Structure formats: C-alpha cells, structure tokens
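Asks: Sequence plus predicted model, see below.
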Amino acid sequence: MNYILHILVIAGIYIILTLSLNLLVGYTGLPALGHIAFACIGAYVSALLALRLGISPWLGLPIGAVVAGLLGLGVGYPSLRLKGDYLALATFGLGLIVYAVAKNWVELTRGPMGLPGIPRFDLFGWQISQVWAYLILVTVFALVTIVFIGRIVKAPIGRVLRAVRDDEIAAQALGKDTRKHKLMAFVIGAFFAGIAGVLYAHYITFIDPSSFTVMESITVLLMVIFGGMASIPGSILGAVILVVLPEALRFLGLPSSIAAQVRQMLYGALLVIFMIWRPKGLLGKYRMG
Amino acid sequence: MILQLFVNGLIAGAIYALIALGFSVIYKTVRFFHFAHGAVYAIGAYAAYGVISILPSGWGVGGWFVAVPAGIILGAAAGVGLDRGIYRPLRDRKASNLILLLASFGVFIFIQNLIALIFGSQILTLRSSVVREGWHVLGAVITPIQVLIIAASIVTFGLCWWIVAKTRLGRAIRAVADDSVGASVCGIDPERTIMWAFLIGSALAGVAGILISLETNLEPTMGFNAVLKGIIASIIGGIGSIGGALFGGVFLGLVENLGIAFIPAGWKDAIAFGLLIIFLLLRPQGIFGKKK
C-alpha cells in the first residue's frame, strides 16, 4: 500500500514539473532543456535553509521557489536572442552548469556526498512523515499548480504567450512586449519547478546532484511531449503514465540496475517514436517547431 | 606544471577536434545537432573492446589490426543506419531542426543504455597491454599513445580536408550544404551525399572513441561529454567548417586544461559549458564564421 502511495507522491511531483515545463515548451514555444535545474535550486535552497539555519520547510518552500524563479530569469535570458535548437542547446548548457555547481561547490552542497537528514514538513507540531499525509500535501500543491497554470493560459496573458509561440513578429506588431512575456514564462515555469524540488527534498529527506541530471530534464520534457504540447490534462496524463509505466518493470523481476537501464531505453525510444509520428503528443494542441 | 597542462590540453583538444570534425561534416549536410554522434563514438570504442576481448590472447598486438577497423566500420554503419532509420523519415516529414535534435537525444539515451545493458555500467579498460612509460620532453611527460592520438588527428584532418576540398564527393557535400535543392538540380543526389557524410563523420567518431579508450577508459556514458565537447568545439570554431573544428577542439582542450591551473579540476566541464553559453549568446557563428 505504502508503495502505491509513494508512486503517487512521485507522480504528483512530476505533474508539477511537467505542467511548469509545458508552460514554456507547449504554450510559449520555448524549447527549454534544463528544467530540472530549477527543481535542483529549489531543493538545495530549502534543504540548506532547514539544515544550516533551522528554517521551517514552510518558509523554505516559498524562498526556494522564488530563488528558482530568479534563476529562471537568468536561464530565460538566452531566449531573447536565440530560437529553436540553438535555444535548446543554450538552456541545456545552463542546466549542466547548475548541475556542475551542485556537484563541485562542496563547501556549500557537500557535492556528491549529498545532504542527508533533511527535516520533513510539520503541521501544528505533528511531523508529516506518513506517506499518505505527504500525498495529501503534494496533491494540494499539484492542484494549486493545475489551477494557477490553467488560469494563466486562459487569461489574456496566455493568449500573448501563444502569440509569441505562433508568430512573434505579429505579436510585436500588435504592441505586445514579447521579451517581457518570454521571461515571464521562464520565471513562472522555474518558480513551480522550484516548488516541485522543495517537495521532493523534504519527502526523500536526502538530495545529491545525481537526482538532478540532464536525463531528468529530458524525462520531464518527454512527459510534456507524450501527454501533449499545450495541454494541461495531457501533462497530468504524461507525468502519471511515465512514472507508473516503468514500475511495471519491477514486476517482471528485473534487478533494479537493469530495470533503470530498461526504463531509460524505453524513454529514449518513446522520444524518438513521438518525434517521428506524433510530435504534438497524445492530447496535444500544438506541433513543435 | 604549466607545460604539462599544455600537453594535456593539446591531447584533449586533438580528441575534441576529431569529434567536432565528424560532427561538422554531418552538420554541413543536414543542419541539425546530431547528438547521437556521441553514441556512435561509444559504439566505436565498445566494438573495439568487444573484438579484443573475444580474440584469443595469443593474437597480441595483431588483435588491434582487427579491432580498430571493426570499431571504425561499426561506428560508420551505426551512423548510416541512424540516418536511414530515423533521420530520413523525419526529413521526409519536414521535421524542424528542434525535432531532429530531440529525436537524436532519444537515440542517444537508447544506445547509451543498451551499451550499459550489454557490457555493464562499470568502467572497462583497453590499454592493458600497451601501457608504457612516457617520454620526458622539456619537463612534461608524453606517452606513445598520446603521440599516436596527435598523429592520428593530424592525418585524419588532412584526409578529411582533402576529401571535402578536392574530391567529387567533397564538392557534392559542399553543394548540398549550400543549397540542397540547387544541388539536386545539378544532378547531385542529396540523400546519397548525406549518407556519405554520415559514413565519414561516424567513422571519425569511431576513430576518436578508440583513441580515447586507449588513453583513458570506457564507460557507457562516455559519449555524453564527448559529443557535448565536440558540439562546443564546432560552435567555437564555426559550425560546419573543418579548420574551425580543428581550432575549436584545440582551443577548448587548452582552455579547459589551462583553466584548472587556477580552479579545481572538477570545474573543467563547467568551463566548457560556460564557453558554450558565451559563444551561443555573443558569437553563435563562431570565431571564424561569417555573420548570417
């Protein structure tokens, strides 16, 4: 039972990540390949605040998310000058730099040794250590993300974001500040990814750089594409299926190291298959590029 | 100390330049970032390893005369196979560069994990029989393998320059690079030319993979950093240019290795990614490239 709840918690965290990336990739047409870097920042900021200064995760959560949002401003900057595959490569490089910092700034992050013993969330003196309780917490945040991003994309702002995606010059001609909107998409996307990172850190209670590799960024991107570009139900579907599906490998009796490799092969193959036959994804409304 | 870092930088640079060269020859004709070039590089190295480990030990040095061509041929075949099986259907669907790049990531992830599944994810070594003490040159140590790497790079670059600049095939590659439709009007088959570009570029990746596994080790993830460094080197030198690949590779190798005279070695990759961002933002056409 706890195992199923645990999978659902992980799926909930991925829903937040996938939705926040879909805002960038699907709705605004910005191919961001380093999304996990924002979760990494959120996780490290909140974990370090809790471990070094004894600050509650409830305060660490908004701080982590805001710091991730600020990083989004920096990572978004190339989007003002680059497009398409060049922008993808630049955001990919920036994601790798964040990973390199987490790994090499040993004095702060303890590098590959990671940060153990991250405290859990508590509620009126009661520690949220049961998985079911954490599932409720993650569900609340996932719902907040769904509602918030759902509102943004339906609001006039969302129309501008889609206009930036479909025809940036036309949007400029209509007097829209496309630079501002692109950066805004990055900041909001990074903010929510930061929340996902904080939720992850205080759930697993241990983080190290290996949780935030490029492979994770590509996995989240695959979830966006699989479920559907510019589709909120799509992102939920994509995150849930791609978290649950590989778990089936466990039941085939594969040893965990082999199961991890088979899972990644599955992800790689899915990425190729979707790029060839259905680049907009299952429920997608927008075809990339 | 500085001289040793310089030598190390030169050797790393020679390898980066070889990867960048293969990448550039392919990029010239297809115009997208073939990230799976790194997987082809790993295939070359692992194929050579596989042959050496299958051959009876009595073969000794003779085994290399089988293993090296096997690695190069398998690398070339893998590159052509990827183009035919995956990139060509995408081209037929008029896929954008971005879609091709993402598909290429998918291929890369698939192959990297397939290699891990077959050979295991531990570090393997190819150099057992060939380790020899290095020569001392002006206070720096250089091993015979490292001399071989530099020599092989120079020869390969010469050969490649000759193919692209002087042969019929090279003219076809340049024509397709300039204007694929125009080339086909003149009787050049773009698909055939692209196939040759993948063949040559992927063979070069195989060579680079084998050379690096003599110098260091093999691991399934080896292709990731390799292709990234190759792409960064290409962009620094001006993507699609042969001279640019050579310059970019050596430049990147030297900057990385001389950089660690000032900051800890763990930051080497961060230096390279930093260069990538700087060039993408300030000079995406590279040092020698012309502005579009």
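Replies: Right, received. Where do you want to start?

Asks: all contacts plus neighbour counts: C-alpha atoms, from now on.
Replies: Will do.

Asks: Name the secondary structure element that contains residue 29.
Replies: All of this refers to chain A. Using DSSP states H and E, residue A:29 is not contained in any helix or strand.

Asks: actually it's chain B I care about, not the one you picked
Replies: For residue B:29, the host element (DSSP H and E) is helix B:2-30.

Asks: How far does that helix sit from its chain's centre?
Replies: Put simply, helix B:2-30 sits 7 Å off its chain's centre (Cα atoms, centre = their mean, to the nearest Å).

Asks: May I see the buried residues of it?
Replies: Buried positions in helix B:2-30, judged by neighbour count with 16 or more other Cα atoms under 10 Å in any protein chain shown: B:4-30.

Asks: What ranges does chain A have for its strands?
Replies: Under the criterion DSSP state E, chain A carries strands at the ranges A:122-123, A:126-127.

Asks: just to revisit the earlier point, just after the helix holding residue B:29, pick out the following helix or strand.
Replies: Using DSSP H and E, the next helix or strand after helix B:2-30 towards the C-terminus is helix B:37-54.

Asks: Check the offset of stretch A:137-150 from the chain's centre.
Replies: Chain-centre distance of stretch A:137-150: 13 Å, with Cα atoms, centre = their mean.

Asks: what's in contact with that stretch?
Replies: Contact with stretch A:137-150 is made by A:9, A:12-13, A:15-16, A:19-20, A:23, A:192, A:199, A:232, as judged by Cα atoms under 8 Å, 6 or more residues apart in numbering or on different chains.

Asks: and that stretch, which residues are buried?
Replies: By neighbour count on 16+ other Cα under 10 Å, the buried set for stretch A:137-150 is A:137-139, A:141-142, A:145-146, A:149-150.

Asks: Show me what from chain A comes close to chain B.
Replies: A:78, A:81-82, A:84-86, A:88, A:90, A:93-94, A:96-97, A:100-101, A:104, A:258, A:261-262, A:264-272, A:275-276, A:279, A:288-289 (Cα under 8 Å from any Cα of the partner chain).

Asks: Out of the strands of chain A, which is closest to residue B:240?
Replies: Residue B:240 sits nearest to strand A:122-123 of all the strands of chain A, at 56.5 Å, using Cα to Cα.

Asks: Show me the contact partners of the closest one.
Replies: In contact with strand A:122-123 (Cα under 8 Å, 6+ apart) are residues residue A:128.

Asks: now that strand: mean pLDDT?
Replies: Across strand A:122-123, pLDDT averages out at 82.

Asks: For residue B:162, state which of the buried residues of stretch A:137-150 is nearest.
Replies: Of all the buried residues of stretch A:137-150, residue A:149 has the smallest distance to residue B:162: 55.7 Å, by Cα to Cα.

Asks: Where does the prediction get shaky in the stretch 151-289 of chain A?
Replies: Filtered on pLDDT under 70, the stretch 151-289 of chain A yields the residue ranges A:289.

Asks: Tell me which residue of it lies closest to chain B.
Replies: When scored by Cα to the nearest Cα, the stretch 151-289 of chain A has residue A:268 as its residue closest to chain B, at 3.9 Å.

Asks: what about that residue, how many neighbours?
Replies: 27 (other Cα atoms under 10 Å in any protein chain shown).

Asks: just the one 3 residues further on next, same as before
Replies: The number of residues packed near residue A:271 is 29, by other Cα under 10 Å.

Asks: how about the strands of the stretch 51-200 of chain B, start to end?
Replies: Listed in chain order, the strands of the stretch 51-200 of chain B (DSSP state E, counting those that start in this stretch) span B:135-137, B:140-142.

Asks: I'd like those written out as a markdown table, with mean pLDDT and mean neighbour count added.
Replies: Putting the strands of the stretch 51-200 of chain B into a markdown table (pLDDT from 0 to 100; neighbours: other Cα atoms under 10 Å in any protein chain shown) gives the following:
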| stretch | mean pLDDT | mean neighbour count |
| --- | --- | --- |
| strand B:135-137 | 76 | 11 |
| strand B:140-142 | 79 | 16 |
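
Asks: Of the ones you listed, which is nearest chain A?
Replies: strand B:140-142 (27.9 Å).

Asks: which residues touch that closest one?
Replies: Applying Cα under 8 Å, 6+ apart, the contact partners of strand B:140-142 are B:1, B:3-4, B:7, B:134-136.

Asks: Mind listing the strands that strand pairs with, and their directions?
Replies: Here strand B:140-142 is paired, per DSSP bridges, with strand B:135-137 (antiparallel).

Asks: Show me the contact partners of the partner strand.
Replies: B:141-144.

Asks: Surely residue A:201 and residue A:118 touch.
Replies: Yes - counting by Cα atoms under 8 Å, residue A:201 does reach residue A:118; the two are 7.1 Å apart.

Asks: quick one on the thing from earlier: which one of the buried residues of stretch A:137-150 is nearest residue A:176?
Replies: residue A:149 (20.4 Å).

Asks: for the residue of chain B found nearest chain A, what are its contacts?
Replies: Residue nearest to chain A within chain B: residue B:106 (3.9 Å; Cα to the nearest Cα). Taking Cα under 8 Å, 6+ apart, we find residue B:106 in contact with A:267-272.

Asks: for residue A:7, same thing?
Replies: With Cα under 8 Å, 6+ apart, residue A:7 has these contacts: A:243-244.

Asks: change it to 10 Å
Replies: Applying Cα atoms under 10 Å, 6 or more residues apart in numbering or on different chains, we find residue A:7 in contact with A:13, A:131, A:135, A:240, A:243-244, A:247.

Asks: From these, list the buried ones, please.
Replies: By neighbour count, with 16+ other Cα under 10 Å, the contacts of residue A:7 hold A:13, A:131, A:135, A:240, A:243 as buried.

Asks: now residue A:262, nearest residue through space, not along the chain?
Replies: Leaving out its chain neighbours, the residue that sits closest to residue A:262 by Cα to Cα, 6 or more residues apart in numbering or on different chains is residue B:113, at 7.3 Å.

Asks: The one you found and residue B:43 touch, don't they?
Replies: No - using Cα atoms under 10 Å as the test, residue B:113 is too far from residue B:43 to be in contact (11.6 Å).

Asks: who has more neighbours, the two?
Replies: Neighbours per residue (other Cα under 10 Å) separate residue B:113 from residue B:43, with residue B:43 holding more: 29 against 25.

Asks: In the stretch 1-150 of chain B, where is pLDDT below threshold?
Replies: Scanning the stretch 1-150 of chain B for pLDDT under 70 picks out the ranges B:60, B:127-133.

Asks: model confidence over the helix or strand containing residue B:226, on average?
Replies: Here residue B:226, judged by DSSP H and E, is contained in helix B:222-237. Confidence for helix B:222-237, expressed as mean pLDDT, is 93.

Asks: Briefly note if that helix comes near chain A.
Replies: Yes - contact between helix B:222-237 and chain A is present through B:228, B:231-232 (criterion: Cα under 10 Å from any Cα of the partner chain).

Asks: any residue of the helix or strand just after that helix up close to chain A?
Replies: Downstream of helix B:222-237, the first helix or strand assigned by DSSP H and E is helix B:242-259. No - residues of helix B:242-259 are not located near chain A by Cα under 10 Å from any Cα, the shortest gap being 14.3 Å.

Asks: Okay then, goodbye and thanks.
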